[in-house]
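**Student:** A structural model of the following input is requested.
(one chain, ligands or ions: 1)
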Amino acid sequence: MLNPAAIQLSQLKKQLTKRTVKELAESSHVQAGLEDMIGRFYESLIQACETGTVNWVDPILDTWLSAMPRDLSAESTLLPMVSTIKRTLWRVCEFDDEEQAFNTIQAVEAVFEHSLMYINKLETSSMLSQSERNFNEFKATMLELDKSKASFVAVAAHELKTPLTLVQGYSNMLTNELLEVESKTKYEPYLRGINNGTARLKEILDAMLDVTLIDNGLLELSYQPVWLSQLIEGMLAELEEQLETRELDIVYEPFLDPKEFFYADPERLQQIIRNVVLNAIKYTPDGGKVTINGRKLPGFIDIAVEDTGIGIALDKQQTIFEKFIQTGDVARHSSGKVKFKGGGPGLGLVIAKGLIEAHEGTIWCQSDGYDEETCPGSVFHIMVPFRETPPDELSAQIFGDSTGPK
Ligand code: ADP
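**Tutor:** Numbers count the residues shown, from 1 in each chain. From the prediction side, this is the model:
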């Protein structure tokens, strides 16, 4: 052995091991177990000083690290133990002269500095992979929960629809029978109430089912030729009766040639536009205006639904497309579909977004902000791919497209 630090440490090895073990543990039983371990560490430290290779101690540190518990608590670190070894070493060492002190301190400190950094690096990466494992486990649990929640909602909505259909059927029969006896019975308003209520309940259940279909990627579109004006005019005609209660100007400005058609799922596209138009109606006070217009862009059509209503705050313009988000007061929920600020379950835009994305289109809104006094209004843009040919095999077969699926 040539290195003076290595020579000095070899002479002190037994004494160092004993003192360190005592510092680390009080019980003699534990001390006996530690002696061999600490002895081997000093052996490696001596070799590291002799060869000038600081990572000579790495295999020992690896063994210690692998024996540590795999949790993320502050106790599961080797750093205090290595610091204790270092502290004990400097207590035991005595130097004959400055040169010996300088040589030993320089050689030994380099090894300890490396050891502490090495432990830190390995413990950090082990902590990171432990956190990643924990995160993945948590994510899997959440996904599982989300799945069971979705299937619960789907089953519940489906089960509720059966008795609801019965109530709807019997109340329709009752209405018809009573009206046959007397054209205007005093029970008519009650029956109308039941019919409206059940119709609204059915809409909510359908919305819940649509959301679960969208969430689980189970939505199937039935692509057919769509003549946009027909689709929008049909939808407005359906709303006419309900709109009698509101003083609103609803204007449709056709922007496609009436003969022009494209491929989309007409029912779903109508549902998207209906949801957006119903919101425009709901959030615009009487005396206001709702305009449906748009433009043809390369490969897309942009259907714009503009209103002169209360507007939407800038920070809400993204979140309103997420589940159960209402920017207004929840206490204002009402069953009125077109009533001013009539609120709903907060699913209309989520469904619109899911349905338009299933068409590979997008939806977004623009508004200068929310203000019930000045009514800055909002514009919703529904971007629908302008498909001139059927996009899938089935519709290509049905509608006989010569170019085949795209
Ligand atoms: P809801 O059932 O609450 O109408 P939606 O998903 O249809 O749910 O809409 C979400 C929220 O977005 C609404 O509660 C409303 O606050 C806001 N919103 C949607 N459309 C408009 C609009 N045209 N003007 C103002 N606010 C709107």
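**Student:** If you count neighbours, what's buried in the helix or strand harbouring Arg91?
**Tutor:** Under DSSP states H and E, the secondary-structure element containing Arg91 is helix 79-92. Neighbour-count burial for helix 79-92 flags 81-82, 85-86, 88-89 (criterion: 16 or more other C-beta atoms under 10 Å). Any C-beta I mention is one placed from the backbone N, CA and C, and that applies to glycine too.
**Student:** Could you export those as TSV, including pLDDT and distance to the ligand?
**Tutor:** Compiled in TSV, those are given as follows (pLDDT from 0 to 100; distance: C-beta to the nearest ligand atom, whole Å):
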residue	pLDDT	distance to the ligand
Met81	92	58
Val82	94	58
Ile85	95	63
Lys86	95	63
Thr88	94	67
Leu89	94	68
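**Student:** if we can go back for a sec, quick one, whichever helix or strand comes after the helix holding Arg91 and helix 79-92 angle?
**Tutor:** Past helix 79-92, heading to the C-terminal end, the next element that is a helix or strand (DSSP H and E) is helix 98-181. Taking axes from the mean of the first three to the mean of the last three C-alpha atoms, to 10 degrees, one finds helix 98-181 and helix 79-92 inclined to each other by 170 degrees.
**Student:** and the next element down the chain from helix 98-181?
**Tutor:** Scanning onward from helix 98-181 (DSSP H and E), the first element met is helix 188-215.
**Student:** Which strands and helices lie in contact with the next helix or strand after that next one?
**Tutor:** Next along the chain after helix 188-215, taking DSSP H and E as the criterion, comes strand 224-226. On a contact count with 3 or more C-beta pairs under 8 Å, 6 or more residues apart in numbering; DSSP states H and E, strand 224-226 meets strand 262-264, helix 266-282.
**Student:** starting at the chain centroid, how far to strand 224-226?
**Tutor:** Here strand 224-226 is found 33 Å from its chain centre; the criterion is C-alpha atoms, centre = their mean, to the nearest Å.
**Student:** repeat for stretch 76-85
**Tutor:** How far stretch 76-85 lies from its chain's middle: 41 Å, per C-alpha atoms, centre = their mean.
**Student:** got the CA positions of it in PDB?
**Tutor:** Coordinates of each C-alpha in stretch 76-85 appear next as PDB, following Å, rounded to 0.1, in the frame of the first residue of the first chain:
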ATOM      1  CA  SER A  76     -35.800   5.800   3.900                       C
ATOM      2  CA  THR A  77     -32.600   7.500   2.900                       C
ATOM      3  CA  LEU A  78     -29.000   6.400   3.400                       C
ATOM      4  CA  LEU A  79     -27.600   9.900   3.700                       C
ATOM      5  CA  PRO A  80     -27.700  10.200   7.500                       C
ATOM      6  CA  MET A  81     -25.900   6.900   7.900                       C
ATOM      7  CA  VAL A  82     -23.100   7.900   5.500                       C
ATOM      8  CA  SER A  83     -22.800  11.200   7.300                       C
ATOM      9  CA  THR A  84     -22.400   9.400  10.600                       C
ATOM     10  CA  ILE A  85     -19.600   7.200   9.200                       C
END
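**Student:** which outside residues touch that stretch?
**Tutor:** Taking C-beta atoms under 8 Å, 6 or more residues apart in numbering as the criterion, the residues outside stretch 76-85 that touch it are 20, 23-24, 38, 41, 61, 64-65, 68-70, 112, 115-116, 119-120, 123.
**Student:** Check whether Glu316 really touches Ser378, as I assumed.
**Tutor:** Small correction: residue 316 is Lys, not Glu. No: in this structure Lys316 lies outside contact range of Ser378 using C-beta atoms under 8 Å: 10.6 Å.
**Student:** got any residues that touch both of these two?
**Tutor:** Among the neighbours of Lys316, none is also in contact with Ser378 (C-beta under 8 Å, 6+ apart).
**Student:** Please say which of these two ends up with more neighbours.
**Tutor:** The residue with the greater number of neighbours, taking Lys316 and Ser378 and applying other C-beta atoms under 10 Å, is Ser378; the counts read 26 against 17.
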